[in-house]
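Participant: predicted coordinates and the sequence they were generated for:
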Amino acid sequence: MRRLYVVTSLASIKINNNMSALEAIKYSRGKLEVLDQLRLPHEHHYDEVSTSEEAFDCIKAMRVRGAPAIAIVAALAASVELHNGSCTATGTEDVIKYIDSRLDYLYESRPTAVDLGNAVRLLKKTVRSVKTEGLTDAEAKEAIIKAFIEASEEILAKDLKTNKSIGAFGAKWLQEQYKITDDSKITVMTHCNTGSLATSGHGTALGIIRTLRDEGLLRHAYCTETRPYNQGSRLTAFELVHEGIPATLVTDSMAAALFRLRKAEENIAAVIVGADRVVRNGDTANKIGTYQLAVLAKHHGIKFMVAAPTTSIDVDTETGDEIEIEQRKREELTQISGAVVNADGSIDTNKSVRVAIADQRIGVWNPGFDVTPHEYIDAIVTEKGTVVKGEDGKFHFEDLMPERFQ
C-alpha cells in the first residue's frame, strides 16, 4: 500500500534565531546546573548536579522534566562525573563496563521517556567505537572518556537545532492547512510543558507556538494546568507570560466547553502537544490528559498535532499497548506545595507550604502518562519534517529516517 507523508523542505522555512533567556540546563565541561522546576514560577534556583545519583534524584523527583531535557541531564551528569575522575577502572573493558553501569542506572530514573533510552544506546555505542589499539591502558581510558563527553555535549547542541526546526515545520504545516492571514490568525491549545524548560531551548510543541507568534500567525494560546503536577500552570504559563505571548490558563476539565463555546469566535485551530514516546504506528505516550484532549479535538474538528524529535520515535515498539506507563506516588494527587500568599495578595517566595487537598485515606491511581491512539492524531512534527497518516490510516516513518529501519 502506498504511503502518504509530508516532508517540507526547510529551504522554504524561515527559522527565527532569537532564543528565550530561560534556561533549564547550564553546562560547561566539568560542571552541570539544573533549574529546579518545582520551585517555579516564584523562585529561580539551580541545583549543581555532579554525579549520576544526583541526576537520578533530579529526574525522578521531576525537578527536571521533559523527554529531551531528561536525556540531556542524564548524559551530561555522567560526563561531569567522568570528567571529575569518578572512574577508577583501568583496563578498556573495565572502563566500558563502569560506564555501562552508570548509564543503566540513569535509565531507570524515567524509563517511559524514549529520548533517555536513545541517549543511553548512543553513548554505549560511542565508547565501543573508540580505537584503542596500540594505546596504553591510561591512554585508552582517556580516549574513551573524551569520546563519551563529546558525544554527550553533542546531544545538548543538537537538541537546540532540532527544536527550532520543529517549530518551523509545525508553523509551516498549520499555514498550509488554514492559509492564515492577518485577519485569520489562529488560536491553539497546549498541554503540559514543552518549552525551553523541557528542552535545551525553544521547545517542541511550545516551540511551534513561539514560531507562530514570531511569524505573525498566532492570535492566542491556551494552556492547561496539567494536573496533578501542574506543569502547565507552573511552567508553561510562566514561559508564555515571560515571552509576552497572549495566553490564557484553563483547567484540564475546561477544554470541551472551550472548544464548543469559543472555537468559531477565536478561530481555535489546533491542539499541539509534545511526546515522551511515539511508537511505530504513531500511537503516542505523553503526559496524562493528552488522550482526552485528542478525543475532544477530533469531535470538534480541531487539528491534533504531536511535536517530537525523531529521538522520541520508537520504531522497535509496534503499538502503544506495549508502552510501559510509569505509576507516580499517591501524594502527588492528594497534596500540593506552593509559595505562601500573604493577606495583601503578595507572594512570599521565601515561604513554601505543603497542604492536603484530599482525604489522605482515599485510594489513588496516578499514571504519569497516557497513550493517544494514532487515529486521533493529524500530524507528527519532527525536525526532519511533518508526517501525516498514510492510506492505511497509520503513520510511517521509513522515508523520514530510513537508517532506523535497516
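Facilitator: It's in. A quick note: this is a predicted structure, and the numbers were derived from the prediction, not measured. Residues are numbered from 1 along each chain as shown.
Participant: contacting residues around the closest residue in space to Ala285 that isn't next to it in sequence?
Facilitator: In this structure, Ala285 finds its nearest non-sequential neighbour in Arg277, 4.3 Å apart by CB to CB, 6 or more residues apart in numbering. (C-beta placed from N, C-alpha, C; glycine too.) By CB atoms under 8 Å, 6 or more residues apart in numbering, the contact set of Arg277 is 67, 112-114, 284-285, 312, 314, 317, 323.
Participant: kindly recompute the last result at 10 Å.
Facilitator: Residues near Arg277 by CB atoms under 10 Å, 6 or more residues apart in numbering: 67, 111-115, 117, 283-286, 308, 312-314, 317, 320, 323-324, 369, 371.
Participant: pLDDT score for it?
Facilitator: pLDDT, Arg277: 93.
Participant: got it, and Ser9?
Facilitator: So Ser9 comes in at 43 (pLDDT).
Participant: oh, and call the first residue 24 from now on, that's how I've got it
Facilitator: With the count now opening at 24, the last piece we talked about shows up as Ser32.
Participant: give the residue farthest from the middle of this structure.
Facilitator: Largest separation from the mean C-alpha position in the chain: Gly157, at 42.3 Å (CA atoms, centre = their mean).
Participant: verify the stated contact: it with Ala163.
Facilitator: Yes: if you go by CB atoms under 10 Å, Gly157 and Ala163 touch, sitting 9.3 Å apart.
Participant: of the contacts of Arg300, which belong to strands?
Facilitator: Among the contacts of Arg300, DSSP state E puts 307-309, 336-337, 392, 394 in strands.
Participant: before we move on, the earlier item: phi, psi of the residue nearest to Ala308?
Facilitator: The phi/psi pair for Arg300 (degrees, to the nearest 10) reads phi -160, psi 130.
Participant: that one and His419, how far apart?
Facilitator: For Arg300, the distance to His419 equals 17 Å [CB to CB, to the nearest Å].
Participant: ok, longest strand in this structure?
Facilitator: Per DSSP E, the chain has its longest strand at strand 370-379.
Participant: helices or strands up against that strand?
Facilitator: helix 354-357, strand 358-364 (3 or more CB pairs under 10 Å, 6 or more residues apart in numbering; DSSP states H and E).
Participant: rank those by mean pLDDT and give me the bottom one.
Facilitator: strand 358-364 (a mean of 92).
Participant: that one packs against which elements?
Facilitator: Under the contact rule (3+ CB pairs under 10 Å, 6+ apart), strand 358-364 is packed against strand 370-379.
Participant: strand partners of the strand it packs on, parallel vs antiparallel please.
Facilitator: Sheet pairing of strand 370-379 (DSSP bridges) gives strand 358-364 (antiparallel).
Participant: what about Ala317, helix or strand, and which?
Facilitator: Assigned by DSSP states H and E, Ala317 belongs to helix 313-322.
Participant: may I have that helix exported as CSV, CA atoms only?
Facilitator: Output in CSV follows, covering the C-alpha atoms of helix 313-322 (Å, rounded to 0.1, in the frame of the first residue of the first chain):
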residue,chain,number,x,y,z
THR,A,313,-3.3,14.2,26.4
TYR,A,314,-5.6,11.4,25.2
GLN,A,315,-8.8,13.2,26.3
LEU,A,316,-7.7,16.3,24.5
ALA,A,317,-7.2,14.3,21.3
VAL,A,318,-10.7,12.8,21.6
LEU,A,319,-12.2,16.3,22.2
ALA,A,320,-10.2,17.8,19.3
LYS,A,321,-11.4,15.2,16.9
HIS,A,322,-15.1,15.6,18.0
